[in-house]
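Trainee: what would the 3D arrangement of this be:
(2 chains)
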Amino acid sequence: DAGVIQSPRHEVTEMGQEVTLRCKPISGHNSLFWYRQTMMRGLELLIYFNNNVPIDDSGMPEDRFSAKMPNASFSTLKIQPSEPRDSAVYFCASSLGPRVNQPQHFGDGTRLSIL
Amino acid sequence: GESVGLHLPTLSVQEGDNSIINCAYSNSASDYFIWYKQESGKGPQFIIDIRSNMDKRQGQRVTVLLNKTVKHLSLQIAATQPGDSAVYFCAENNAGNMLTFGGGTRLMVKP
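Mentor: Below you'll find the model as predicted:
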């Protein structure tokens, strides 16, 4: 079975550019999560969706970050304009939500470098 | 617990020995816990979970122990192998279906 699929795997761009990260959750999973991982702050939840609806976006750093989930099989995380401090690994995860107590399954992430 | 990635504790074990990785969680209301394994360049991989109505759960070569009294979780890996080398995270569910991750422990297996 296909796991969570993220693209691109690596992204290098100059500051000020728009960055779009993509995620395809596991089929049948109704909850989707976006995380950011850095050495300094570890793994942080940015936003999560249940049934394509954003439930909690309190982890989104600022207005430069936005996330959408237009359908059950696709989500995007957009940064505009990007800044060097946005450099991190961004993970998408999905689970059999919105039931609680379900494990989240992660993609292999997008390593983002903003120059 | 809070995620603090700057200082990652490291556990070094000999191949074939048993490993015990510990985690202290913060919220006494948390009712679901998960252990993840993260290898270099990959996302966290689900290992095993446990609900708060249990104090022990076993998988293949892994055992998770939960002590709610002191808010402590541990992961035991039997007969540790080089392929077990990775960073291990505990996570707690304390609000809806969101998880809060610990800072992680690096396991190094010496051949």
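Trainee: got any ranges where chain B has weak pLDDT?
Mentor: B:1-6 (pLDDT under 70).
Trainee: how about the residues of it that lie near chain A?
Mentor: Within chain B, the positions adjacent to chain A are B:3-6, B:31-32, B:34, B:36, B:41-46, B:49, B:51, B:89, B:93, B:96-101, B:103-104 by CB under 8 Å from any CB of the partner chain. C-beta: built from backbone N, CA, C; applies to glycine.
Trainee: in helices, which of those fall?
Mentor: Within those, no residue falls in helices by DSSP state H.
Trainee: right, and A:Thr110 touches A:Glu11 too?
Mentor: Yes. With contact defined as CB atoms under 8 Å, A:Thr110 and A:Glu11 form a contacting pair (6.0 Å).
Trainee: more neighbours: which of those two?
Mentor: A:Thr110 (22 against 18; other CB atoms under 10 Å in any protein chain shown).
Trainee: next up, the contacts around A:Val4.
Mentor: A:Cys23, A:Lys24, A:Pro25, A:Ile26, A:Cys92, A:Ala93, A:Ser94, A:His105, A:Phe106, A:Gly107, B:Gly43 (CB atoms under 8 Å, 6 or more residues apart in numbering or on different chains).
Trainee: among those, who's most crowded?
Mentor: Counting by other CB under 10 Å, top hit in these: A:Cys92 with 29 neighbours.
Trainee: quick check: neighbours shared by A:Thr110 and A:Glu11?
Mentor: A:Leu21.
Trainee: what helices or strands is the strand ranked longest in chain B leaning on?
Mentor: Longest among the strand segments of chain B by residue count, using DSSP state E, is strand B:86-95. Contact partners of strand B:86-95 among helices and strands, from 3 or more CB pairs under 8 Å, 6 or more residues apart in numbering or on different chains; DSSP states H and E: strand B:32-38, strand B:72-77, strand B:98-101, strand B:105-110.
Trainee: for A:Ser82, helix, strand, or coil?
Mentor: coil (DSSP: H, G, I helix; E, B strand; the rest coil).
Trainee: tell me the spacing between it and A:Cys23.
Mentor: Plainly put, A:Ser82 is 18 Å away from A:Cys23 if you go by CB to CB, to the nearest Å.
Trainee: same thing with A:Arg36?
Mentor: Using CB to CB, we find A:Arg36 at a distance of 13 Å from A:Cys23.
Trainee: over to A:Val12?
Mentor: Separation of A:Val12 from A:Cys23 (CB to CB): 19 Å.
Trainee: tell me how many other residues crowd the residue in chain A positioned nearest to chain B.
Mentor: Nearest residue of chain A to chain B: A:Gly42, at 2.9 Å (CB to the nearest CB). Using other CB under 10 Å, A:Gly42 is surrounded by 21 other residues.
Trainee: just the one 4 residues further on next, same as before
Mentor: Counted by other CB under 10 Å, the residues lying close to A:Leu46 total 20.
Trainee: same question for A:Glu14.
Mentor: Neighbour number of A:Glu14 under other CB under 10 Å is 9.
Trainee: A:Leu32 now?
Mentor: Residues lying near A:Leu32 (other CB under 10 Å) number 29.
Trainee: so it, which of the three states?
Mentor: Judged by three-state DSSP, the three-state class of A:Leu32 is strand.
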